[in-house]
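Participant: have a look at this prediction, sequence included:
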Amino acid sequence: MALIKSVRGFTPKIGNNVYLADNATIIGEVEIGDDCSIWFNTVIRGDVNGIKIGNKVNIQDGSVLHCLYEKSTIEIGNNVSIGHNVVIHGAKLCNNVLIGMGAIVMDHAVVGENSIIAAGSVVLDSTIIEPDSIYAGVPAKFVKKVDPKQSAEMIQRIANNYLMYASWYKEGKE
């Protein structure tokens, strides 16, 4: 069973049809929407400031979400996929975003709708990622614009796949 812990008077709020891996950790001022999945060894630490996660978001194995005390929060839109071993620290991810494996997104950064952050990239503090774009590298730089329909379809497909994968882990499923 996932560790769900209250701190400083805040208790995590978890929506409907949410899969929490057995060793996921959710602490403090955290709000998770419906149809989400929080995978193995993921830590969502809302101890120093708030973390709001939309609907149909998957946060994959080993990821860490945290903020700066009284200085930054995390806001994640709908249909967002956060790859394995990602760090999101006090950033905003708009709807239909894909964050590749091992990426880091720092405080006050904003990742625009239908955008992709490539695996291993580092999005520096206060960077604004335009909608419908791909960023890659260390530090992350603009690579190219993407067709909004194509990127939305791909990102939606990944979010739907993770909803299916989560269903495999629910009680009584073979």
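Facilitator: Yep, that arrived. Residues are numbered from 1 along each chain as shown.

Participant: which residues does Ser37 form beta bridges with?
Facilitator: In this structure, Ser37 bridges to Tyr19, Asn58 when assessed by DSSP bridges.

Participant: need the contact list for it.
Facilitator: 18-20, 57-59, 162-163, 165-166 (Cβ atoms under 8 Å, 6 or more residues apart in numbering). All C-beta atoms are positioned from the backbone trio N, CA, C, and that covers glycine.

Participant: can you check Thr73 too?
Facilitator: By Cβ under 8 Å, 6+ apart, the contact list for Thr73 reads 49-52, 67, 90.

Participant: got JSON lines for those, with pLDDT too?
Facilitator: Listed next are the contacts of Thr73 as JSON lines, based on pLDDT from 0 to 100:
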{"residue": "Asn49", "pLDDT": "97"}
{"residue": "Gly50", "pLDDT": "98"}
{"residue": "Ile51", "pLDDT": "98"}
{"residue": "Lys52", "pLDDT": "98"}
{"residue": "Cys67", "pLDDT": "97"}
{"residue": "Gly90", "pLDDT": "98"}
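
Participant: re earlier: the contacts of Ser37, buried ones only, as a ChimeraX selection?
Facilitator: In ChimeraX syntax, the buried subset of those is picked out as below (16 or more other Cβ atoms under 10 Å):
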select :18,19,20,57,58,59,162,163,166
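
Participant: which single one of the contacts of Ser37 is nearest to Ala2?
Facilitator: Leu20 (3.7 Å; Cβ to Cβ).

Participant: surely the closest one and Val30 touch.
Facilitator: No. Leu20 lies out of contact with Val30 (Cβ atoms under 8 Å); the separation is 11.3 Å.

Participant: by contact count, what packs against the longest strand anywhere in the chain?
Facilitator: In the chain, taking DSSP state E as the definition, the longest strand is strand 43-53. Judged by 3 or more Cβ pairs under 8 Å, 6 or more residues apart in numbering; DSSP states H and E, strand 43-53 is in contact with strand 25-32, strand 64-66, strand 74-76.
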